[in-house]
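*Asks:* Please work out how this folds:
(one chain, ligands or ions: 1)
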Amino acid sequence: MIEDKERWNIRHVEKPMPHYVAPILEKYTELANVGMALDVACGIGRNTHYLADLGFIVDAIDLSDYALGQIREDKKIIKHEVDLDFYDLQKQKYDLVININYLNRRLLSQIPDALNKDGVVIFETFIVAHDKPEKGSMNPDYLLEPNELIKAFEGFNIIYYEEKDVINLRGEEARLASLVARK
Ligand SMILES: C[S@@+](CC[C@H](N)C(=O)[O-])C[C@H]1O[C@@H](n2cnc3c(N)ncnc32)[C@H](O)[C@@H]1O
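*Replies:* Predicted coordinates for the structure are as follows:
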């Protein structure tokens, strides 16, 4: 939706995401065959740039034209200005799918089919902390339930899964789920 795009454009200017690569990628990207990668809701491309530097061809998808404009022009990076609420993933296209700090359940359900055989998914985002409901300001629609992520990749070889308390970028207590799995 156009309002979402404008809201995110403003948010990217007023509350910029960090430029450092998500630490989970530094640890686990080497498990994937270097080939075609998808960065779901890539933002300003901190993780897209990392994957392209490693040799991946990256589909970098986001609805914010401002954020996509921060991503360098590079023949290994294909930028898609797309609203993921209305976008379907191509089947068996990717050797690696990363989804960091974003949740779209409709899209989550398409990731298993979007991966090639032996493809790797690295997924990390916030979950509901049922024992601390007063904490955090995030909309529950954008929060995973405990164990939801591991169930979404049933049948995959789960290489790493953790739910842990962290401090989010707003300085609030939050809980994070991290998953690395191979198809
Ligand atoms: C918290 S940021 C995370 C960005 C990136 N994954 C990272 O870790 O740096 C969430 C991103 O989701 C994008 N986004 C939000 N709703 C979206 C939608 N419906 N379709 C596509 N992108 C969306 C925003 O523009 C923003 O870049």
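
*Asks:* Read off the pLDDT value for Gly171.
*Replies:* Looking at Gly171, its pLDDT is 80.

*Asks:* What's the local residue count around it?
*Replies:* Other residues near Gly171 number 7, with proximity taken as other C-beta atoms under 10 Å. The C-beta positions use only the backbone N, C-alpha and C, and glycine is treated the same way.

*Asks:* mind checking the SS state of it?
*Replies:* At Gly171, secondary structure determined by DSSP: H, G, I helix; E, B strand; the rest coil is coil.

*Asks:* So what does it have for phi and psi?
*Replies:* Summarising the backbone geometry of Gly171 under the convention degrees, to the nearest 10, its torsions are phi 80, psi 20.

*Asks:* ditto for Ile77
*Replies:* According to degrees, to the nearest 10, Ile77 has phi -120, psi 120.

*Asks:* who does it bridge with?
*Replies:* Ile77 forms beta bridges with Val58, as assigned by DSSP bridges.

*Asks:* so what secondary structure elements neighbour the strand ranked longest in the chain?
*Replies:* The strand spanning the most residues in the chain, taking DSSP state E as the definition, is strand 115-127. Judged by 3 or more C-beta pairs under 8 Å, 6 or more residues apart in numbering; DSSP states H and E, strand 115-127 is in contact with helix 23-28, strand 94-100, helix 111-114, helix 148-152, strand 173-182.
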